[in-house]
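> Okay, here's the prediction I keep looking at, along with the sequence it came from:
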Amino acid sequence: MDQPLLLHEIVSEIQKTPRKAISFRRYMELALYHPEWGYYHRMKPKIGKEGDFYTSPAVGEAFGWTLAKGISHMVQSFPEGSSWYLIEAGAGDGILATHMIQGLDRLGFRPRRLFIVETSSYYRAVQKQMLVDSPVSVYWVEEIRDLPNDLPCILVSNEFFDAFPVHRVISQENGIKEIFVTWDDQKKELVECLFSPSRTDLSDYFLEMDWNLPVGWSAEVPLDALNWLETLGQWLKNGYVITMDYGGTTEELSVPARKNGTLRCYHKHQLHQDFYSDPGTSDITCHVHFSALMKHGSKVGLNNLLYTTQARFLLRSGIWTLLVNPPPSDPFGQVARRNRAIRHLALEEGMGSAFQVLIQSKGIQHPVAGLMQEDCFGVGKQVSLSKNM
């Protein structure tokens, strides 16, 4: 029932515009974030077996516990004895926040408070249930500006930036054109059309990023995500920003395999590219442009400390210390399942290579020692996890 209502809302907005079309960015915003019928506001599971996709935290507690170990080293760069805040942006079902707090508590680095930046009423309800027994007080806000910054902060996001609405453009002989969405009354469906860019910074984006988009190629422009990051950088006084997501640098996103961009949909664990049928029922996402996050972060004082794969980050942070030999009497029990989850997270051919980690800091006199080195966080050597564990 919700889907026809959202489609009607989208078509109604299209018909009210002078050109009878809305930007793809606006379409994606409505499909994902309409307050009643958008994908992220629908009262249904999105993560895990009953949802549409898996995330690294959903694989097991090893991800959050290992991240907590990395965070504990960052906390040690704060003034001795100072309290600090942990913040998660877009905390999903609250599993990562739960596991981070568990890990930090075990390590003796409990934050003063946990803040969650969340706009979805559905996810807020799920998070509150998940964190009901948290040993740390939890607070929810909708905007970064609503957070206190009187203490050092560590802000974590996992698969957050990939969910921002994006503009889509295509390169033509006479320059960049923007992809819009209109209603075909004969076919009774949403279709794409092209217009001149709705804003000048769409063309400027490619000049700024030194990205020569060949004729016929299309790409996404994440202006909303960059605005959010710049707001974060302006708000943050002292602390770290940890961004974990799938994506790449300009060089990695401008290869022939990406000539049609990286936009895609997930529905019941099936990948598809039918962006316009049943709006609000599929997750719409695209690769994060990490070069842009680094460049725009620098504009607001964020120092780029580390950019690496999730696999390397987890290995450096000591995920291998969580491996335990399963008891002979229970070779397929909980211990074995955790070992398999660790392998999936940390092996380059698992989730480990598909996801990237960017760590930035601001106002930290001496950031984590050795952060840019192969053995940062005190891990003495690179560890190769056996596929047979």
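It's in.
> State the paired neighbours of the helix or strand where residue 182 lies in the sheet, together with their directions.
Following DSSP states H and E, the helix or strand that holds residue 182 is strand 175-184. Note on strand 175-184: by DSSP bridges, its sheet partners are strand 22-23 (antiparallel), strand 167-172 (antiparallel), strand 189-195 (antiparallel).
> got the buried residues for that strand?
For strand 175-184, the buried set under the neighbour-count rule, 16 or more other CB atoms under 10 Å, comprises 176, 177, 178, 179, 180, 181, 182, 183. For glycine as for every other residue, the C-beta is placed from the backbone atoms N, C-alpha and C.
> just to revisit the earlier point, of the strands paired with strand 175-184, give the one that comes closest to residue 87.
strand 167-172 (27.5 Å; CB to CB).
> And the next helix or strand past the helix or strand of the chain with the lowest mean pLDDT?
The weakest-scoring helix or strand in the chain, judged by mean pLDDT, DSSP states H and E, is helix 56-59 (a mean of 59). Going down the chain from helix 56-59, the next helix or strand is helix 61-75, by DSSP H and E.
> what's the following helix or strand after that following helix?
Next along from helix 61-75, by DSSP H and E: strand 85-89.
> now that following strand: how far from the chain's centre is it?
The chain centre lies 14 Å from the centre of strand 85-89; the measure is CA atoms, centre = their mean, to the nearest Å.
> contacts for it?
Contact partners of strand 85-89, identified using CB atoms under 8 Å, 6 or more residues apart in numbering, comprise 71, 96-97, 100-101, 104, 111-117, 136, 144, 147-148, 151-158, 160.
> quick revisit: show me which of the buried residues of strand 175-184 is closest to residue 211.
Closest approach between the buried residues of strand 175-184 and residue 211, by CB to CB: residue 176, at 11.0 Å.
> So that closest one versus residue 346, what's the distance?
40 Å (CB to CB, to the nearest Å).
> still on that earlier bit, tell me the buried residues within the contacts of strand 85-89.
Counted by 16+ other CB under 10 Å, the contacts of strand 85-89 give 71, 96-97, 100-101, 104, 111, 113-117, 136, 144, 147, 151-158, 160 as buried.
> among the residues you listed, which are in helices?
71, 96, 97, 100, 101, 104 (DSSP state H).
> how about those residues in JSON lines, adding distance to residue 32 and pLDDT?
Output for these, formatted as JSON lines (distance: CB to CB, whole Å; pLDDT from 0 to 100):
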{"residue": "71", "distance to residue 32": "29", "pLDDT": "95"}
{"residue": "96", "distance to residue 32": "20", "pLDDT": "95"}
{"residue": "97", "distance to residue 32": "21", "pLDDT": "97"}
{"residue": "100", "distance to residue 32": "25", "pLDDT": "97"}
{"residue": "101", "distance to residue 32": "28", "pLDDT": "97"}
{"residue": "104", "distance to residue 32": "31", "pLDDT": "97"}
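> Kind regards, and thank you for your time.
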